[in-house]
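Asker: sequence first, predicted coordinates after that:
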Amino acid sequence: MSMPTDFPADATTRFKALALKSGATLVGVADAAAFDAHAPAKHRPVDLLPGARTVVVVGGAQPRAGDWVASSPWLLSTMGTTERIQGVGRRLAQAIESELGYYALFVPPGTAAGEAPFMSLMLAAELAGLGTRSLAGPILNREHGFMYWSAVVTTAPFDVDGPTTDAACPAPACRDMWEREHTTPCLRVCPLDAGGCLAGRLEGDRAVRTAYDAGRCHTRVHTHWVGGFQKVLEETLNEPDRARRKMLVYGDFMTRTLWSITYSSTNIAQCFECMRACPAAHGLKEMR
Amino acid sequence: MSCANPEARHGRAGARPSDGGLGAISGPPGRAMTFFRLDPEVYARHKDDVLKLSNSFQRIDQRGLSDREIAERLGLDERTVTEIRVIAERDCYPLDEWQRAIDFKRKACSDWAAAALKRPDLREP
């Protein structure tokens, strides 16, 4: 596809300003072709929008410092703010089409099939230079830490930002801990070899993840979600005793799960423990 | 109460059910569609391989394959692989693991709050 010659010179700056004004903490632009080296077919920008040139990525709506130190794990899972950054993505998509006249596709935040996303928002954030992958998995921004992401695939030829090499992980405190104890906060809180999800090590200034059990991670991130509902439903259907069936259906697990599902996007992420313990995930600002 | 008779014809109605239509405004009579159900034996035979090749158990420097790539590798069709993967993602841990998830989060969260706020009383026993 040839590049248009009438693309406004200030469009990238203008749309980045719009993203920030709309509530994003961060905004970057990835080259759509850069996904080819990392993502399988059907999960690349051009698979979602033929002719895609760039991917505009916004980050923000992260949990507040008070959320991170709450003593109940249910607080973060019921105070999710991911839909706020999705709203910014939708607004950008609309503005790109109405003001510039280029196709713009808001990347659906849900899954295409099972747990597989339409397109990896984490990869998009990496390629747009907004952060780097942490040992625990999530993309962390050096200044702001853990964030939620949204992306718009577009045919508009915005100026592209390259990936950053300024990694937030491992944090200095984690390097010190590795020296002393040969572990890190995230590995200690959720170790694969002791019923958790993560395995890895630090090699100098580099975090190397060696294994990740996504299946177990789903039981934690989606405890009271679609998977939990299916599991209890199966158990209920297999339970021949009527009174015992009632205990399952009316019990706390099923009730909480149904609340979560019906509140939809505000309840999707339900485990933050690797990020709660991460010194790089909460931003640089000190709280009192 | 009376039910509609889908075989009755009114105005621009589509093909009768007996002719393969929907009995309402619709396209021409077509092939009967059946709900896709995975054969449990096919599932049992391939679930471990599909999970191993997918993104469900990630390894460093080795990206998980897409359903299409797994299908090519195992000689299956993509739809079957998608169905195997989706079911296996849910099937790989028993319900007890969900309870362990709750216990894990409750403890990890209260431990963190106790440490971060220097309030040992917040730690759950």
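Answerer: Structure's in. What do you need?
Asker: what's the neighbour count on residue A:183?
Answerer: Residues lying near residue A:183 (other CB atoms under 10 Å in any protein chain shown) number 16. Bear in mind the C-beta positions are built from the backbone N, C-alpha and C, glycine included.
Asker: now do the contacts for the closest residue to it other than its chain neighbours.
Answerer: Nearest non-adjacent residue to residue A:183, counting by CB to CB, 6 or more residues apart in numbering or on different chains: residue A:177, 6.7 Å away. Residue A:177 makes contact with A:183, A:184, A:185, according to CB atoms under 8 Å, 6 or more residues apart in numbering or on different chains.
Asker: surely the second one touches residue A:178?
Answerer: Yes. Under the contact definition of CB atoms under 8 Å, residue A:184 touches residue A:178, with a separation of 5.9 Å.
Asker: which of the two has more neighbours?
Answerer: residue A:184 (29 against 17).
Asker: could you export stretch A:83-100 as CSV, CA atoms only?
Answerer: Output in CSV follows, covering the C-alpha atoms of stretch A:83-100 (Å, rounded to 0.1, in the frame of the first residue of the first chain):
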residue,chain,number,x,y,z
GLU,A,83,-12.9,0.0,31.0
ARG,A,84,-11.7,3.5,31.6
ILE,A,85,-8.7,3.1,29.3
GLN,A,86,-10.9,1.2,26.8
GLY,A,87,-13.0,4.3,26.6
VAL,A,88,-10.0,6.3,25.5
GLY,A,89,-9.2,3.8,22.8
ARG,A,90,-12.7,4.0,21.5
ARG,A,91,-12.6,7.8,21.4
LEU,A,92,-9.3,7.7,19.5
ALA,A,93,-10.7,5.3,16.9
GLN,A,94,-13.7,7.5,16.3
ALA,A,95,-11.6,10.7,16.0
ILE,A,96,-9.1,9.0,13.6
GLU,A,97,-12.0,8.2,11.3
SER,A,98,-14.0,11.4,11.6
GLU,A,99,-11.1,13.8,11.6
LEU,A,100,-8.5,12.1,9.4
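Asker: tell me the mean pLDDT over stretch A:169-186?
Answerer: For stretch A:169-186, mean pLDDT is 94.
Asker: how about stretch B:117-125?
Answerer: 84.
Asker: list the buried residues for it?
Answerer: Across stretch B:117-125, burial judged by 16 or more other CB atoms under 10 Å in any protein chain shown covers residue B:122.
Asker: cool, and stretch B:54-71?
Answerer: Buried, per 16+ other CB under 10 Å, within stretch B:54-71: B:54, B:55, B:56, B:57, B:58, B:64, B:65, B:66, B:67, B:69, B:70, B:71.
Asker: what does that stretch rub up against?
Answerer: A:38, A:40-43, A:113, A:115-116, A:200, A:208-215, B:49-51, B:53, B:73, B:76-78, B:80-82, B:85, B:88-89, B:92.
Asker: thought residue B:104 was touching residue A:273?
Answerer: Yes. Taking contacts as CB under 8 Å, residue B:104 lies within contact range of residue A:273: 7.2 Å.
Asker: please enumerate the shared neighbours of those two.
Answerer: A:190, A:220.
Asker: which pLDDT value goes with residue A:226?
Answerer: So residue A:226 comes in at 89 (pLDDT).
Asker: residues contacting the nearest residue to it once chain neighbours are set aside?
Answerer: Nearest residue to residue A:226, sequence neighbours excluded (CB to CB, 6+ apart): residue A:261, at 6.9 Å. Listed by CB under 8 Å, 6+ apart, the contact set of residue A:261 reads A:224, A:225, A:226, A:229, A:267.
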